[in-house]
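Participant: A structural model of the following input is requested.
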Amino acid sequence: MMRPLPAPPQPYVLQDVMVPISLLRDFASRPVEGGGMTDGLVMADLGVAAGRLCHASELPDAIHVPARGNVALPRLAEAHVHLDKSETIHETGAGDGTLMGAIGTLGPAMHTWDVDHFRTRMTRAVDQALTAGVGTMRSHIDCMLLPEDKPGWHAIKDVMSEYEGRMRITPVALAALDRAMIDGFDTRCKQVARAGGVLGAFIPPDGAAPEVLDRFLQGAARYALDVDFHVDEHLCDTPPATLALAEAVVRTGYEGRVLAGHACRLGLLPADDLDRALDLIAQSGIAIATLPRTNLYLQDRQQARTPKQRGMAPVREMSARGVPIVIATDNVRDAFFPFGNYDLLSVFADAAYALHLDHELGHWIRSITDIPARVLGDTDGGLLASGAPADLLLVPARNWSALLTAPPQERTVLIAGRDRAVGGMNTITPKEIAL
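Facilitator: Numbers count the residues shown, from 1 in each chain. Predicted structure coming up:
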């Protein structure tokens, strides 16, 4: 059972709080007063009443909470994690640091875990993400068999129920793409739909035949399922499967939401080839998830040689063409990535320096807020708008540098306007304001 949340607080106004202007809707704003690394940040007053945001002018008698020295973000949207593998490095070891090595290391162990084993680790991960400011999460669950035959699938459904009202969690039934060609595929789709999940597939480096992609998308469409792919998670000199996926979406007229994770191979295309590929990817409406930690760890790994290629999707070129880009965590402390945590703001900081996004942080903050919220079907999330839920992350910071380095324990998470840590919100807990 879900632990009950406190009753809504009396109305209040967060006064002089700093916010990214790219996420602000329907609110007046003021320029930030001096300081470096503040491009894209403005000052605003955010009213909170009945668990939703409103204009301060609508609350003439409300408590005013001095919030200068804090940045307010909507709670973050985590588009790609693997809760079923989380924190298993102590059981399996790290493998050889390659993608296939990680698959070989984790695969046998996963067959030995029961529902309690999965659920315990998933709960720890969700608690960590919740504390760090995540409000929406999508997790892949390995389901080479039918989902309802997998203990990890039952565990994630338990966790979804436990965190209802505090974290919106959606499971992805992940399997090889060729499962679309076997007799049980329709049953797979039914089971995913019954759980409110997403149909997932891994496309191998040698690509996929058009008829397989078409059958997969047609099955998803029959049950009104969104789809999520692991694609081009390699640097091999083969035709990019992301392009084949885009062609299939256009060819079948599939109307659901499509998220393609990794897309590393696209980063090695010559400029002209990439330009042509992006035309079709943009036309298809596919969103791309870049996963900086795992891709930097696994890609271009050669024994006794420093990696020469970053192995990451060309997100700047994609974004310039209108392709929705999300930044996500992927694996945490398992054979695919033996480090890390579920602090999405920290992952965003990693992407900022790895992909040289630091001069446009006001734009790229959308890749962990409103863009993934929309991709994940959370129509109310990701923006600071009048009438939107007062689900906020308050971080003691006066600029982007401080915002992206403040540890989770210094942040305040509001759910429907209440501080989830203490159950009240008349003052911001005194914490050192980062300069």
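Participant: just the helices in this protein please.
Facilitator: 89-92, 99-110, 115-132, 151-162, 185-194, 210-222, 241-252, 271-284, 292-298, 315-320, 344-354, 361-364, 370-375, 400-403 (DSSP state H).
Participant: Tell me which of those helices lies nearest to residue 55.
Facilitator: helix 370-375 (19.9 Å; Cβ to Cβ). Heads up, the C-betas are built off the backbone N, CA and C, glycines and all.
Participant: pLDDT (mean, whole number) over the closest one?
Facilitator: Helix 370-375 shows a mean pLDDT of 98.
Participant: What helices and strands are in contact with it?
Facilitator: strand 76-81, strand 325-327 (3 or more Cβ pairs under 8 Å, 6 or more residues apart in numbering; DSSP states H and E).
Participant: one step back: turn the helices of the chain into a markdown table, columns for mean neighbour count and distance to residue 75.
Facilitator: Formatted as a markdown table, the helices of the chain follow (neighbours: other Cβ atoms under 10 Å; distance: least, Cβ to Cβ, whole Å):
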| stretch | mean neighbour count | distance to residue 75 |
| --- | --- | --- |
| helix 89-92 | 16 | 28 |
| helix 99-110 | 17 | 30 |
| helix 115-132 | 20 | 9 |
| helix 151-162 | 21 | 17 |
| helix 185-194 | 18 | 26 |
| helix 210-222 | 19 | 28 |
| helix 241-252 | 22 | 29 |
| helix 271-284 | 16 | 29 |
| helix 292-298 | 23 | 21 |
| helix 315-320 | 18 | 23 |
| helix 344-354 | 20 | 10 |
| helix 361-364 | 20 | 18 |
| helix 370-375 | 24 | 9 |
| helix 400-403 | 21 | 15 |
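Participant: Let me know which of those helices is the nearest to residue 335.
Facilitator: Of all the helices of the chain, helix 99-110 comes closest under Cβ to Cβ, at 4.1 Å.
Participant: Point out the other helices and strands that that closest one packs with.
Facilitator: helix 89-92.
Participant: Would you mind checking the average pLDDT for the helix it packs on?
Facilitator: For helix 89-92, the per-residue pLDDT averages 95.
Participant: Can you say which of the helices and strands packed on helix 370-375 is nearest to residue 408?
Facilitator: Among the helices and strands packed on helix 370-375, strand 76-81 comes nearest to residue 408, with 11.4 Å by Cβ to Cβ.
Participant: Quick one: distance of that closest one to the chain centre.
Facilitator: When distances are taken as Cα atoms, centre = their mean, to the nearest Å, strand 76-81 is centred 2 Å away from the chain's centroid.
Participant: Residue 285 versus residue 251, what's the distance?
Facilitator: Distance of residue 251 to residue 285, computed by Cβ to Cβ, to the nearest Å: 13 Å.
Participant: circling back to that earlier point, in TSV, list the helices of the chain along with distance to residue 201.
Facilitator: Output for these, formatted as TSV (distance: least, Cβ to Cβ, whole Å):
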stretch	distance to residue 201
helix 89-92	24
helix 99-110	15
helix 115-132	21
helix 151-162	16
helix 185-194	10
helix 210-222	6
helix 241-252	10
helix 271-284	16
helix 292-298	18
helix 315-320	21
helix 344-354	24
helix 361-364	28
helix 370-375	17
helix 400-403	36
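Participant: neighbours around residue 255, how many?
Facilitator: Residues within reach of residue 255, counting by other Cβ atoms under 10 Å, total 11.
Participant: Now that it has come up, it's in contact with residue 221, right?
Facilitator: Yes - using Cβ atoms under 8 Å, residue 255 is in contact with residue 221, at 7.0 Å.
Participant: Which parts of this structure belong to which domain?
Facilitator: The chain breaks down into these domains under automatic domain parsing: 12-74+382-419, 76-375.
Participant: ok, residue 335 to residue 281 distance?
Facilitator: 30 Å.
Participant: Where does pLDDT dip in this structure?
Facilitator: Applying pLDDT under 70 to the chain picks out residues 1-9, 421-435.
Participant: Most remote residue from the middle of it, which is it?
Facilitator: Distance from the centre of the chain peaks at residue 61, with 38.0 Å (Cα atoms, centre = their mean).
Participant: Now for it: which residues touch it?
Facilitator: Contacts for residue 61 were tallied using Cβ atoms under 8 Å, 6 or more residues apart in numbering; they are residue 11.
Participant: Residue 33 now?
Facilitator: Going by Cβ under 8 Å, 6+ apart, the list of residues near residue 33 reads residue 43.
Participant: measure it to residue 21 for me?
Facilitator: For residue 33, the distance to residue 21 - Cβ to Cβ - is 15 Å.
Participant: Repeat that for residue 385.
Facilitator: 13 Å.
Participant: same deal with residue 234?
Facilitator: 38 Å.
Participant: ok, now residue 356?
Facilitator: 22 Å.
Participant: Neighbour count: those two, which is higher?
Facilitator: The neighbour comparison of residue 356 against residue 21 (other Cβ under 10 Å) goes to residue 21, with 15 against 10.
Participant: isn't that one right up against residue 42?
Facilitator: Yes - assessed by Cβ under 8 Å, residue 21 is found in contact with residue 42 at 4.8 Å.
Participant: Now list whatever residues contact both of these two.
Facilitator: What both residue 21 and residue 42 touch, as defined by Cβ under 8 Å, 6+ apart, is the set residue 29.
Participant: quick one: residue 327 from residue 287, how far?
Facilitator: Counting by Cβ to Cβ - residue 327 and residue 287 are separated by 12 Å.
Participant: of these two, who's got more company?
Facilitator: In this view residue 327 and residue 287 are compared by other Cβ under 10 Å, and residue 327 has more residues nearby, 28 against 23.
Participant: Look up which residues are beta-bridged to the more buried one.
Facilitator: residue 290 (DSSP bridges).
Participant: which residues touch it?
Facilitator: 289-292, 344, 347-348, 351, 364, 367-368.
Participant: same thing with residue 195?
Facilitator: Contacts of residue 195 (Cβ under 8 Å, 6+ apart): 147, 153, 157, 171.
Participant: farthest-separated two in these?
Facilitator: Farthest pair in the contacts of residue 195, by Cβ to Cβ: 147 and 157, 9.5 Å.
Participant: thinking again about what came up before, out of the helices and strands packed on helix 370-375, flag the one nearest residue 373.
Facilitator: The closest of the helices and strands packed on helix 370-375 to residue 373 is strand 76-81. By Cβ to Cβ, the value is 4.3 Å.
Participant: Packing partners of the closest one?
Facilitator: Using 3+ Cβ pairs under 8 Å, 6+ apart: strand 76-81 touches helix 115-132, strand 134-142, strand 258-262, strand 325-327, helix 344-354, helix 370-375.
Participant: who's in contact with it?
Facilitator: By Cβ under 8 Å, 6+ apart, strand 76-81 touches 125, 129, 132-140, 228, 259, 261, 289, 291, 326, 328-332, 342, 344-345, 368-373, 375-376, 378, 381-382, 393.
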